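S.K.: Quick check, what structure comes out for this input:
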Amino acid sequence: MMHAGAGLLSSLLGIPWFLLYMVVGAALLALFLMVYIRFTAHDEVGLIREGNATAAIALGGTMLGFVIPLAKAIQQATSIPDMLVWGLAAFVVQLIAYAAARLMVPDLSGKIGSNMIAAGIFLAAVSIASGMLNAAAMSL
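M.R.: Below is the predicted model:
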């Protein structure tokens, strides 16, 4: 049986790894958002600052669609480079999901800019569904 102090020591020794994966994950999320915002045909941040709920729903769903597989990548990673490979796969899947949503809904960005909630919910749903499938498809 493990001594209680040994369990605490083991947890404390894991803190640097926790911090490393957390910082790298947050950096990947920030990089993803910077690229995604430039990739889309509408200005999410500007629209959100103006109170456009549709843009907030769409971007929020896209963030979740990216973070769900990123969390899986962190969970199963054997190293930072391993995590980065799967994190970049999640990155690409989200860009493809956005492109697919634009094909399915003509003038998607215009509709988001016009605050048409249905467009934002649809993009959020496509992004989250893509992220969940992406996470499920990741193997050890």
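S.K.: Could you list the low-confidence segments of the protein?
M.R.: For the chain, the stretches flagged by pLDDT under 70 are 1-5, 140.
S.K.: helix or strand right after the lengthiest helix in it?
M.R.: The longest helix of the chain (DSSP state H) is helix 4-39. Per DSSP states H and E, the first helix or strand lying C-terminal to helix 4-39 is helix 44-49.
S.K.: Buried residues, that following helix. List them.
M.R.: 44, 47-48 (16 or more other CB atoms under 10 Å). All C-beta atoms are positioned from the backbone trio N, CA, C, and that covers glycine.
S.K.: Out of the residues you listed, which is nearest to L123?
M.R.: Set against L123, the nearest of the buried residues of helix 44-49 by CB to CB is E44 (10.5 Å).
S.K.: For A71, what are phi and psi?
M.R.: In terms of degrees, to the nearest 10, the main-chain angles of A71 are phi -60, psi -40.
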